[in-house]
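Q: What follows is a predicted structure for the sequence shown.
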Amino acid sequence: MGLDKGFLKYERIEPKHEPAVIRIHHFREFISTLTDDEAHDQAARCMDCGIPFCSHGCPLHNQMPDFQQYVTDGDYLSAWEVLSQTSSFPEITGRICPALCEESCTLGIHREAVGIKSIERKIAEYAFEHGLVQPVLPFAKTGCRVAVVGSGPAGLACAQALVRAGHEVTVYEKMDKAGGLLRYGIPDFKLSKEVLDRRLDQLVREGVKFVLSTRVSAGSKDESLEIGVHDDSVDTISIEKLSAENDAVVLALGAEVPRDLPLPGRNLKGIHFALDFLIAQNRVNAGGVPNPIDVRGKRVVVIGGGETASDCIGTANRLGAESVTQLDYHAELPEKADLLKEWPDWRRIKRTSTSQEEGCVRLFSTSTTSFTGEDAVTGVRTVEVTWGPGRQITPVEGTEKEIPADVVLIAMGYAHPSHRLVDALGLGTDKRGSIEAPVHGAGAWRTASEGVFAAGDGRSGQSLVVNAIAEGRECAEAVDAWLKELREERTARSWR
């Protein structure tokens, strides 16, 4: 274990948070990295249980007991070597992951769980600071070329693994900078773009090529993307050309098409998709033009209960909104869970994000029925609902009301990837519109088109960054195995 009886000696240590009254005035990261002493005491709490449920809970299956032992011993080189074997970008997941591993921590049954997420961030930051993060170069080049479409977490993880396997990898991104959701969906106060750029620089040094502001085209006359899908492209390349120039293509498209609310009044001015607001502000923070969605001194209503909604709340507060109200049609959950029923899985409890702590009114079991106003939105009409069997929602008579609103942000999640490429390639989709590609068996990660693979939210549906990274890594293994078979076939043909 980390330290004999360390779990009895030390209490959980939370990374220092800048007070809300200070941090709402800037967009910088406000959560600190643990000090050496704090990391030692935190890691020392690990019990090294016989069955590491933390590794089970983590989609990447990180070896938490091992790297926590090394941190306890002060051996950060070994800790980094262990962590980097399974985690592509621990400096990122150490900041934005919801820490599924901590939900599975055995110590968390009767005490506070080990702060695995903060230790992961500490190891990664120590590794960067001390020059331990160096390009990982392959022993030999394979001569195979792979195109990765999309530079979000799945695409980057896939590209990293493939270039390290010796393949020539080019990532195509329609936005003007790489990173996908990591750059444009997540606010700077949660993930500094310097952290992302630091990792992208390493990927370039490893040999990954990035082609930016370039959309992979379906080759049809109608090149417009679905409403709500952002596109910075100034150039295109057809999927036919991409397939012809590469031995394999990986579609890491993400789930970009936002869920909408086609209700009366939806076309009023002042109603926007969440990413329209978040992307614009991330551009402002990077030195771009002012955010066209002005919330200063205005009453903001955010519709949705997930992380994107919280990001809108934190951003609106930093931009000086008069008030922020969050509408969540889900029922309010209890503060604590029955661990005998839910451990080691994710607990269905009420959670409060740091953005919600900064100030907002949260309304649960509340469904939007319409938007009011003449030219611009002035209010959101709602009704309380109850949940029945089969997720059936029933309005509660007499609970109708109108919430004043000057700006409405729709943050209800994302339905599926853009279908332009999907349709052009004739790929199958599931009932949600995600790309069909099995994750098990001989055809794992392959789509219905020969040599085309899929990974990330575009395949699985909207999910977590850590899940996208895991999918990207596993997809890369399948691509690598497929390319090996392809090389063997070519060699056999050359000998005939």
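A: Structure received. Please read all numbers here as calculations on a predicted model, not as lab measurements. Residues are numbered from 1 along each chain as shown.
Q: and whichever helix in the chain runs longest, how far from the chain's centre?
A: Criterion DSSP state H: the longest helix present in the chain is helix 465-495. Relative to its chain's centre, helix 465-495 lies at 24 Å (Cα atoms, centre = their mean, to the nearest Å).
Q: which helices and strands does that helix pack with?
A: helix 90-96, helix 153-164, helix 181-184, strand 248-251, strand 452-454, helix 457-460 (3 or more Cβ pairs under 8 Å, 6 or more residues apart in numbering; DSSP states H and E). (Glycine included, C-beta is placed from N, CA and C.)
Q: What residues sit buried inside that helix?
A: Across helix 465-495, burial judged by 16 or more other Cβ atoms under 10 Å covers 465-476, 478-480, 482-483.
Q: Next, the angle helix 153-164 makes with that helix.
A: Taking axes from the mean of the first three to the mean of the last three Cα atoms, to 10 degrees, one finds helix 465-495 and helix 153-164 inclined to each other by 40 degrees.
Q: wait, doesn't residue 54 sit right on residue 99?
A: No. With contact defined as Cβ atoms under 8 Å, residue 54 and residue 99 do not form a contacting pair (9.5 Å).
Q: Give me the more crowded residue out of these two.
A: residue 54 (29 against 20; other Cβ atoms under 10 Å).
Q: Show the contacting residues for the more buried one.
A: Shown in contact with residue 54 (Cβ atoms under 8 Å, 6 or more residues apart in numbering): 62, 64-65, 101-102, 104-106, 114, 116.
Q: just residue 414 next, same as before
A: Applying Cβ under 8 Å, 6+ apart to residue 414 gives the contacts 254-259, 457, 462.
Q: Which of those fall in strands?
A: Residues of these located in strands (DSSP state E): 257-258.
Q: could you dump the contacts of residue 414 to JSON lines with pLDDT, neighbour count and distance to residue 14?
A: JSON lines is the format used below for these (pLDDT from 0 to 100; neighbours: other Cβ atoms under 10 Å; distance: Cβ to Cβ, whole Å):
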{"residue": "254", "pLDDT": "95", "neighbour count": "26", "distance to residue 14": "32"}
{"residue": "255", "pLDDT": "97", "neighbour count": "26", "distance to residue 14": "32"}
{"residue": "256", "pLDDT": "96", "neighbour count": "26", "distance to residue 14": "34"}
{"residue": "257", "pLDDT": "97", "neighbour count": "18", "distance to residue 14": "37"}
{"residue": "258", "pLDDT": "97", "neighbour count": "21", "distance to residue 14": "33"}
{"residue": "259", "pLDDT": "97", "neighbour count": "17", "distance to residue 14": "34"}
{"residue": "457", "pLDDT": "98", "neighbour count": "29", "distance to residue 14": "30"}
{"residue": "462", "pLDDT": "95", "neighbour count": "21", "distance to residue 14": "29"}
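Q: can you give me phi and psi for residue 324?
A: phi -130, psi 130 (degrees, to the nearest 10).
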